[in-house]
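Enquirer: okay, here's the prediction I keep looking at, along with the sequence it came from:
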Amino acid sequence: GAGVSQSPSNKVTEKGKDVELRCDPISGHTALYWYRQSLGQGLEFLIYFQGNSAPDKSGLPSDRFSAERTGGSVSTLTIQRTQQEDSAVYLCASSFDGNSPLHFGNGTRLTVT
Amino acid sequence: EDQVTQSPEALRLQEGESSSLNCSYTVSGLRGLFWYRQDPGKGPEFLFTLYSAGEEKEKERLKATLTKKESFLHITAPKPEDSATYLCAVPQGGSEKLVFGKGTKLTVNP
């Protein structure tokens, strides 16, 4: 069985450009999470989806960040007008029902130059 | 505010030298405590879930225990392949959001 898949694995972009990060969760998992991990820091919660709706967007750092999920499956995290402080590893995780353990992908390493 | 604090931040052991990692938490109405292992360049990998004080879970050289205020991850006779960052997390009260500690980076020298 495939795990959580994230693409791209690495992304280098110039300051001010928009980027899209993709997450393919484990089939059948209804809950999907995005976290951010900066060098030497812990995992910072960004957003949580149950199905296609996002009951908790409290972690999105600014209105430059948005996310959507379609068909209860694939999710896209979009960062507009990227800034250098956006450089981090963006991790996606899925869970069977939101109460079960999270299964993480290997992340997208974003570098803003 | 719900918080998760892990100690020590880093731990170096010799192969075979047993030790424990600590995770203390403040959350109202604990709905589980999760332990993860993270290798460099990888996402966290699930290890254990503990739900109630007194509960213990084991996997190979790892044993996790839970009290009302903290959890311990005991490592018995570690091997170099146990080197990783170990993370603990709890659901924030009233939500499905997992709050993570900053982790303990374990290095086991041969």
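Expert: Perfect, thanks for sending it.
Enquirer: run a quick neighbour tally on residue B:46.
Expert: Other residues near residue B:46 come to 16 when the count uses other C-beta atoms under 10 Å in any protein chain shown. Placement of C-beta: from N, CA and C, glycine included.
Enquirer: for the helix-or-strand element of chain B with minimal mean pLDDT, packing partners?
Expert: With mean pLDDT, DSSP states H and E as the measure, the helix or strand of chain B carrying the lowest mean pLDDT is strand B:98-100 (a mean of 91). Using 3 or more C-beta pairs under 8 Å, 6 or more residues apart in numbering or on different chains; DSSP states H and E as the contact criterion, the secondary-structure elements in contact with strand B:98-100 are strand A:43-50, strand B:3-7, strand B:84-91.
Enquirer: if we use 7 Å, what do you get?
Expert: When contacts are defined as 3 or more C-beta pairs under 7 Å, 6 or more residues apart in numbering or on different chains; DSSP states H and E, strand B:98-100 sits against strand B:84-91.
Enquirer: what pairs with the strand it packs on, and is each one parallel or antiparallel?
Expert: Partners of strand B:84-91 in the sheet, by DSSP bridges, are strand B:33-38 (antiparallel), strand B:98-100 (antiparallel), strand B:104-109 (antiparallel).
Enquirer: now for residue A:7: which residues touch it?
Expert: Residue A:7 is in contact with residue A:22, counting by C-beta atoms under 7 Å, 6 or more residues apart in numbering or on different chains.
Enquirer: any idea how far residue A:111 is from residue B:77?
Expert: Taken as C-beta to C-beta, to the nearest Å, the spacing of residue A:111 relative to residue B:77 amounts to 40 Å.
Enquirer: hmm, I was thinking of residue B:32
Expert: Applying C-beta to C-beta, the value for residue B:32 to residue B:77 is 28 Å.
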